[in-house]
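[1] my questions are about this predicted structure, shown below with the sequence.
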Amino acid sequence: MKSPMLLWKMIAEESAIQCCTSAHLDIKYVEARFKYEGISFLTISLPAFGKDIQKCLDLGLVDRNLFQGFSWQAGLPRLFGGFLDQVFDRTSGVLLDEPSVDAIRAIRQLTLMFGKILLPCTVAREKAAIDMFVQCEQDVRRSDSLITPVQWSDFERIGSLLFSSVFQKVDSDVYHGRLIPKHGPGATADKLRGNSKYSLSTWTRRLEDLFPAGEYVLPNWRYYDQLDDVDILEPGAEIPARVVSVPKTLKTPRIIAMEPTAMMYSQQALARSILEHIRGNYVLDMMLGFKDQIPNQEMAKKGSREGNLATLDLSEASDRVSNQHVRHLTFQFPHLHGALDACRSRKADIPGYGVKRLAKFASMGSALCFPMEAIVFLTLIFVGIEKELGTPLSHKTILRFLGLVRVYGDDIIVPVDCANSVIESLQSFGIKVNSNKSFLNGKFRESCGKEYYDGHDVSIVRIRREFPHSRKRVAEVLSMVSLRNQLYAAYYWTAVDALDRRLLEILRYFPEVDPTSPVVGRHTLFGYSIERYHRSLHSPLVKGWLTSNVIPKDPLEGHAALLKCLLMLEEKNKGKSVRIGRLHELPSIYEVGGLPAANVEHLERAGRPHAVTLKLRWASPF
């Protein structure tokens, strides 16, 4: 099990047994190409084959323009011929009336399982991704210039119809100072981490009007003298967002932009208010998802079975939401409009290009990226629906689409009969629809990590990390354990047996446990094992490995420590301000807020753990 090819071979053999066919020639072909092309064949070439299969399921036939780099036999690709014969007609390439769901799942498993493994890509591919980021900026500017006044008018009108009540409440929160800021756990452009973020030494002039430093940087105005240490930066001196690449797949990295600490701090405050008011609006809460992916998955399943819902996927979704989109949506709400502009980074430091002014609203990395892109996408969806209906939208009309329209990030679900109009609407405003991952026809649907064919779940098990060589590679070990348990649930017994043997070599202790157990162990159909009982509680125990995260030491004291404590209390008390209280009453405030006065560990350690370790312990198997 030290080679990914061995695992692929076992899964191919078991898939063939499940589908009553042979994979002997397929294995020989893949082994030969793996020998000469290496891991890129499993991570790039085979996934491209799998995506083409999905497109053929949507088209209802095998397109000869697809499957580049693979040979053909009659009307089908030669590779996986035994499986494809159970899905498509060999002569015509047309989808069978009743294709084998097991064969569809098997083809997807064998082609896509390595497609999203977390590996660093080459320097050339990383540079190409950065170049695409810059090209996307130019595309955004071009698309903004092509949008007509009539299009903007429709966009503003429908945006107001959908979001005016939410925007009005957020506008009021900004005006009355009811926003609660917070610091995220991630890295920032000015390289502050953990508790050091609470000792802010820079603020911006743009933030001062709606996010005054005295209200956001200080615990209360008794510490007014501390403002002397805060440098208020003019617009030309602001710290730009820092564009970086992070590993995603061997084909391409993910490009994100780390925000300055002051900007992220304010963005979190505004994002919290926007999300709270969206959750408080029944219609928008049904149509927009931010944490729960299950509604999207259930709608995709329904769409695959009934054919009434289409699933759309967007390319470079966050990078193509223009600042002009957001400005046109919110111009009627001056305080919200001003706050969005104030806490948005206008410039970014791009590797190889220097500092460039941004046309997009925000890249991944901004706390406002996810909520604002969803708001823009939902507005454009209803612009397309209105065009399809041929009549102006009303609140009553929008209610008809409950359960038919939903947005989760760049995963969009819309009615099939409106899908083409929605795609046209999105593209006319510069949003790029990924046609290879959008499904309007046929019975295949995909959304939020789940795939369905005719109501059947054809989702696959994916390998996320390289296989570990020792227990010290904790992330890889945990990934391999997760892979083993997922393959067990998918009935790949031979592969599971091989993984069990390898994991026992690495861990020595690998007991049978329930999925709810904290122990790193095996999930089985037969429950959990019992090795002994707790001396006083008489509850079952097993010996195994538990994960341990060591939070870095990062002591915080003075007014910054007080600010952190009070912000935690404000969040727990749902925005009721405690920063105006008398300082000598702080312990009682802790108790009112539900936080023990002695709980100061967060003032000693903070930030993301540098590493995860495994510790051998006796623990509960359930």
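    Thanks, I have it. Numbering: from 1, shown residues only.
[2] pLDDT score for Ala606?
    Looking at Ala606, its pLDDT stands at 82.
[3] what's the distance between it and Met568?
    12 Å (C-beta to C-beta, to the nearest Å). Bear in mind the C-beta positions are built from the backbone N, C-alpha and C, glycine included.
[4] between the two, who's got more neighbours?
    Between Ala606 and Met568, counted using other C-beta atoms under 10 Å, the more crowded position is Ala606 (22 against 18).
[5] so that one sits against Asp554, correct?
    Yes. With contacts counted by C-beta atoms under 8 Å, Ala606 reaches Asp554, the gap being 4.5 Å.
[6] what do these two both touch?
    Gly194, Asn195 (C-beta atoms under 8 Å, 6 or more residues apart in numbering).
[7] lowest-pLDDT helix or strand in this protein?
    helix 586-593 (a mean of 38; mean pLDDT, DSSP states H and E).
[8] ok, then the element right after that helix?
    strand 612-619 (DSSP states H and E).
[9] tell me where the stretch 301-450 of the chain has helices.
    323-330, 334-342, 369-389, 395-399, 416-428 (DSSP state H, counting those that start in this stretch).
[10] now do the third one against helix 334-342, angle only.
    Helix 369-389 and helix 334-342 meet at an angle of 120 degrees, taking axes from the mean of the first three to the mean of the last three C-alpha atoms, to 10 degrees as the criterion.
[11] and helix 369-389, how far out from the chain middle?
    Distance of helix 369-389 from its chain centroid, counting by C-alpha atoms, centre = their mean, to the nearest Å, is 19 Å.
[12] for it, packing partners?
    Judged by 3 or more C-beta pairs under 8 Å, 6 or more residues apart in numbering; DSSP states H and E, helix 369-389 is in contact with helix 149-176, helix 261-279, helix 323-330, strand 406-408, strand 411-415, helix 416-428.
[13] do the fourth one as well
    Counting contacts by 3+ C-beta pairs under 8 Å, 6+ apart, the secondary-structure elements packed against helix 395-399 are helix 149-176.
[14] buried residues in the strand ranked longest in the chain?
    Across the chain, the longest stretch assigned as strand under DSSP state E is strand 540-549. Using 16 or more other C-beta atoms under 10 Å as the burial criterion, the residues of strand 540-549 that qualify are Leu541, Val542, Gly544, Trp545.
[15] on that earlier part again, I'd like the helices and strands packed on helix 369-389 as a markdown table, with mean neighbour count, distance to Lys450 and mean pLDDT appended.
    Listed next are the helices and strands packed on helix 369-389 as a markdown table, based on neighbours: other C-beta atoms under 10 Å; distance: least, C-beta to C-beta, whole Å; pLDDT from 0 to 100:
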| stretch | mean neighbour count | distance to Lys450 | mean pLDDT |
| --- | --- | --- | --- |
| helix 149-176 | 18 | 27 | 96 |
| helix 261-279 | 23 | 23 | 96 |
| helix 323-330 | 22 | 29 | 97 |
| strand 406-408 | 24 | 12 | 97 |
| strand 411-415 | 25 | 10 | 96 |
| helix 416-428 | 19 | 19 | 96 |
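[16] dump the ones you listed to TSV, plus distance to Lys615.
    Compiled in TSV, these are given as follows (distance: least, C-beta to C-beta, whole Å):
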stretch	distance to Lys615
helix 149-176	45
helix 261-279	33
helix 323-330	47
strand 406-408	37
strand 411-415	38
helix 416-428	50
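[17] which one of those lies nearest to Phe467?
    Proximity of these to Phe467 was assessed by C-beta to C-beta; the nearest stretch is strand 411-415, lying at 30.1 Å.
[18] not counting its neighbours along the chain, what's nearest Leu57?
    The shortest distance from Leu57 to any non-neighbouring residue, by C-beta to C-beta, 6 or more residues apart in numbering, is to Phe444 (4.1 Å).
[19] who's the one you found bridged to?
    With DSSP bridges as the criterion, Phe444 is bridged to Tyr453.
[20] pLDDT score assigned to it?
    Confidence for Phe444, expressed as pLDDT, is 96.
[21] setting aside sequence neighbours, what's the nearest residue to Arg357?
    Leaving aside its sequence neighbours, Arg357 sits nearest to Lys347 (C-beta to C-beta, 6+ apart; 5.4 Å).
[22] re the thing from before, run a quick neighbour tally on the residue nearest to Leu57.
    Phe444: 23 neighbours (other C-beta under 10 Å).
[23] of the helices and strands packed on helix 369-389, which is nearest Ile239?
    Of the helices and strands packed on helix 369-389, nearest to Ile239 by C-beta to C-beta is helix 261-279, at 8.1 Å.
[24] surely Thr111 meets Ile44?
    No. Taking contacts as C-beta under 8 Å, Thr111 lies outside contact range of Ile44: 11.2 Å.
[25] out of the two, which sits in the busier spot?
    Thr111 (24 against 17).
[26] in contact with that one, which residues?
    Leu46, Pro47, Phe49, Gly50, Ile53, Phe80.
[27] what do you get if the cut-off is 7 Å, keeping everything else the same?
    Thr111 sits next to Leu46, Pro47, Phe49, Gly50, Ile53 when contact means C-beta atoms under 7 Å, 6 or more residues apart in numbering.
[28] what's the burial count for the second one?
    Same thing as Pro47. Neighbours of Pro47 under the rule other C-beta under 10 Å: 20.
[29] please apply the same query to the first one.
    A count of nearby residues for Leu46, using other C-beta under 10 Å, gives 24.
[30] please apply the same query to Leu399.
    Leu399 has 11 neighbouring residues, counting by other C-beta under 10 Å.
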